[in-house]
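K.L.:
need the 3D shape of this:
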Amino acid sequence: MVKTKLQRFKRLPLGKHGGVELLLIQSVDGLGKQGDVVEVRPGYANNYLLPQGLATEATPHHKRMVEKHRAKLMEIEQARLKSFRDLADAVGKLSLTIEANANEEGHLYGSVTAPDIVSALKQHDVHLTNDQIRLDGVLKELGLYTVRVHLHHEIETELKVWVVPTAQETGKS
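P.N.:
Numbers count the residues shown, from 1 in each chain. Reported below is the predicted structural model:
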């Protein structure tokens, strides 16, 4: 009976340090990211990683497949970075004008926030999200501001934002 229980588990390849060498199918906190080859104790492999579908045997075939997949992902990431760089160039050349209600001293009755800037950018066919606009604080006065735009962890640009008073209607007395 003991022999059949031992035969139930397939013999897994051993790593350099005596543990079992596995290829992670999904990222595991404290162990590694998807596609990493890790070495763990046999019990952890047989009782958790393999039954949960988090890892598989690290065969040479599986390793080659992961490398091909990584190469394709790198191509996709490079194309994405290029599109972000092009967008950063376009945003860097823009100068937005946002109208706001202000008193005679130039203090705004409200403030200009990231959603205001995003909606002004949409008029120029530039679609960003509120969290990509990085303000040092709310814009509460008339004037020219330089606003940071965060597109990717490697790509940031600056945008010129003019806050001007709203056009007053003529003909009122």
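K.L.:
show me where the protein has its helices.
P.N.:
Remark: helices assigned in the chain by DSSP state H are 2-8, 42-44, 60-93, 114-122.
K.L.:
how about those helices, which one is nearest residue 29?
P.N.:
Nearest to residue 29, of all the helices of the chain, is helix 42-44, at 13.6 Å by Cβ to Cβ. C-beta here means a position set from N, CA and C on the backbone, and glycine is covered the same way.
K.L.:
leaving out chain neighbours, which residue sits closest to the residue nearest the centre of the chain?
P.N.:
Central residue of the chain (Cα atoms, centre = their mean): residue 152, 6.4 Å from the mean position. Distances taken as Cβ to Cβ, 6 or more residues apart in numbering put residue 84 closest to residue 152, at 4.8 Å, once the chain neighbours are dropped.
K.L.:
number of residues surrounding the one you found?
P.N.:
16 (other Cβ atoms under 10 Å).
K.L.:
quick one: residue 141 and residue 106 touch, right?
P.N.:
Yes: if you go by Cβ atoms under 8 Å, residue 141 and residue 106 touch, sitting 5.3 Å apart.
K.L.:
what residues are shared contacts of these two?
P.N.:
Common neighbours of residue 141 and residue 106, counting by Cβ atoms under 8 Å, 6 or more residues apart in numbering, are absent.
K.L.:
returning to what we had before: ok, the residue nearest to residue 152 - contacts?
P.N.:
151-152, 155.
K.L.:
re the thing from before, most tightly surrounded among the helices of the chain?
P.N.:
helix 114-122 (a mean of 17; mean count of other Cβ atoms under 10 Å).
K.L.:
domain map for the protein?
P.N.:
Per automatic domain parsing, the domain ranges recorded for the chain read 2-58, 83-165.
K.L.:
would you list these in a markdown table and tack on distance to residue 75 and mean pLDDT?
P.N.:
Converted to a markdown table, these look like this (distance: least, Cβ to Cβ, whole Å; pLDDT from 0 to 100):
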| stretch | distance to residue 75 | mean pLDDT |
| --- | --- | --- |
| domain 2-58 | 16 | 78 |
| domain 83-165 | 13 | 90 |
